[in-house]
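Engineer: Provide a 3D model corresponding to the input given below.
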Amino acid sequence: MELAPDIVGLLCLAALVAGFIDAIAGGGGLITIPALMAAGLDPVTAIATNKAQACVGTTSATWSYWRAGRIDFRSIRLSLFTTLIGSVLGGIAVMHADTRWLMVVLPVLMVGIAFYFLFGPKASDEDSQARLSPPAYALVAGGLGFYDGFFGPGTGSFFALSLVTLVGMGLIRATAHTKALNLTSNIASVVVLGASGHILWGLAACMAVGQFFGGRLGARSAMRFGPQLVRWLLVIISLAMVAKLLSDPANPLRELVAGWLG
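Structural biologist: The predicted model follows:
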């Protein structure tokens with residue numbers, strides 16, 4: 001598929017903005033996937049190409065957080081492994097399952113996340129008491145990895161919330177470790193989707209440049225401006241994702257609510 005240079009340039013700009021947002025709160029796909037589809041890609045190719053280019057932004061953000069001493073890979077090594085396995089299984093499962101029911105559940109979960117960060121205990125940069133041991137949290141991480149491979153939207157928010165509430169991490173450290181876990185699930189998804197031949201590698205490589213710089217800028221901004229920036233972006237991205245999901249006329253939840261109102 002050939003795209004005009006100006007379209008590719010706009011997609012690279014979208015990737016830069018998405019990388020910035022993704023490094024802080026996740027949800028960059030809200031920008032890049034609609035942009036790719038507007039450029040003429042079919043939904044499967046758009047999702048696959050988005051995963052490939054997003055890997056670079058997530059790698060860039062992970063590197064920035066790690067260089068700043070915000071990531072302890074030893075503490076999450078088991079979770080990285082279960083996330084990888086879960087993502088591979090999710091990628092295989094999505095080829096044989098109906099995901100329509102997730103379109104009902106996901107908006108409700110995202111509203112819950114937004115309300116938690118908006119009205120719940122103010123997440124700080126200080127660690128608190130962990131509620132789960134590393135092996136127990138690894139099971140949670142594996143489930144989120146499966147979800148990311150199976151469907152994907154909101155995975156970064158789910159990881160951040162679980163690390164804050166279950167592992168007791170401060171919000172910035174949770175955001176940093178979220179990027180490492182997200183990178184693991186993204187790589188697994190790219191391998192599965194790449195094998196299916198749906199990734200436009202040339203376009204993904206061009207957009208990856210924007211993702212790289214956006215990821216670095218986002219990680220630095222999160223570490224500089226602290227939990228308040230991360231908390232508000234998590235709220236905004238979660239609610240934006242709800243609006244995006246419910247804007248689809250075919251969303252079963254929208255049809256259900258319309259039936260009640262009608």
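
Engineer: what segments of the stretch 101-250 of the chain are helices?
Structural biologist: Assigned by DSSP state H, counting those that start in this stretch, the helices in the stretch 101-250 of the chain fall at 102-119, 134-150, 155-165, 171-195, 201-225, 227-246.

Engineer: return the distance of the last one from the chain's centre.
Structural biologist: Spelled out, that is helix 227-246. Centroid separation between helix 227-246 and its chain, computed with CA atoms, centre = their mean, to the nearest Å, is 12 Å.

Engineer: could you find the closest non-adjacent residue to I7?
Structural biologist: Nearest non-adjacent residue to I7, counting by CB to CB, 6 or more residues apart in numbering: A39, 5.4 Å away. C-betas here are computed from N, CA, C, even on glycine.

Engineer: weakest of the helices of the stretch 101-250 of the chain by average pLDDT?
Structural biologist: Among the helices of the stretch 101-250 of the chain, helix 102-119 carries the lowest mean pLDDT, a mean of 77.

Engineer: how far away is the residue nearest to I7 from V191?
Structural biologist: From A39 across to V191, the span is 24 Å (CB to CB, to the nearest Å).

Engineer: pick out whichever of those two has more residues nearby.
Structural biologist: Neighbours per residue, other CB atoms under 10 Å: of A39 and V191, the larger number sits with A39, 18 against 14.

Engineer: now do the contacts for the most centrally placed residue in the chain.
Structural biologist: Computing the C-alpha centroid of the chain and ranking residues by CA atoms, centre = their mean puts G156 first, at 3.9 Å. The contact partners of G156, by CB atoms under 8 Å, 6 or more residues apart in numbering, come to 22, 25-27, 178-179, 182.

Engineer: again, 10 Å this time
Structural biologist: For G156, the contacting residues are 21-29, 58, 144, 148, 175, 178-179, 181-182, 234, 237, by CB atoms under 10 Å, 6 or more residues apart in numbering.

Engineer: go on, L200?
Structural biologist: 1, 3, 36, 41, 45-46, 48-49, 52-53, 206-207.

Engineer: which one among those residues gets closest to L109?
Structural biologist: Nearest to L109 out of the contacts of L200 is A46 (CB to CB; 23.0 Å).

Engineer: state the three-state secondary structure for that closest one.
Structural biologist: Of the three states, A46 takes helix under DSSP: H, G, I helix; E, B strand; the rest coil.

Engineer: surely it touches I33?
Structural biologist: Yes - between A46 and I33 there is a contact at 5.4 Å, judged by CB atoms under 10 Å.

Engineer: circling back to that earlier point, which residues touch the residue nearest to I7?
Structural biologist: Counting by CB under 10 Å, 6+ apart, A39 has contacts 1, 3-4, 7-8, 10-11, 14, 46, 49, 203.
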